[in-house]
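Asker: Got a sequence here, can you build the structure:
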Amino acid sequence: MAIIRWLLGSLILFFNWLLTPRGIERDPAAQADIDQQTGNLTLYQYNSCPFCVKVRRAMKRRSLNIDTRDVKRSDTAREELLAGGGRLMVPCLRIEDEGEGVRWMYESSDIIGYLEGRFVAA
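Answerer: Numbers count the residues shown, from 1 in each chain. From the prediction side, this is the model:
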């Protein structure tokens, strides 16, 4: 079973690399503003998880520089996800808002919907 998972993960990463979407090109000031806004976001993920790849591709299409943490390879990231989000499930977006505190958003479709709503394509 481990060999099958490794093979499928490798295929997912290969096709993701081969078919990488293009990002939005913004002027430097606009991109700096977006980068400042994404500074409060962290994506907890597995590198070869298809749902995580889906979220990372959405981030790439919108040129969002969001910090990613690989829960499979980092004990610290795994502990942060369990302590904050309560579940060891990926993808999970940690959203830190000044007025609302910290929220943890699971489900790739919900995360992509949030990113598309917050960072409207120019």
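
Asker: does the residue positioned nearest the centre of the chain count as helix, strand or coil?
Answerer: In the chain, the residue lying closest to the centroid (CA atoms, centre = their mean) is Leu43, at 4.0 Å. The local conformation at Leu43, judged by DSSP: H, G, I helix; E, B strand; the rest coil, is strand.

Asker: ok, it - contacts?
Answerer: Residues near Leu43 by CB atoms under 8 Å, 6 or more residues apart in numbering: 52, 55-56, 59, 66-69, 91-94, 111. For every residue, glycine as well, the C-beta is placed using N, CA and C.

Asker: Now do the end-to-end distance for stretch 19-38.
Answerer: End-to-end distance for stretch 19-38: 24 Å, by CA to CA, to the nearest Å.

Asker: Now do that stretch: distance to the chain's middle.
Answerer: Its chain's average C-alpha position is 15 Å from that of stretch 19-38, according to CA atoms, centre = their mean, to the nearest Å.

Asker: And it, what's buried?
Answerer: Gln31, Ile34, Thr38 (16 or more other CB atoms under 10 Å).
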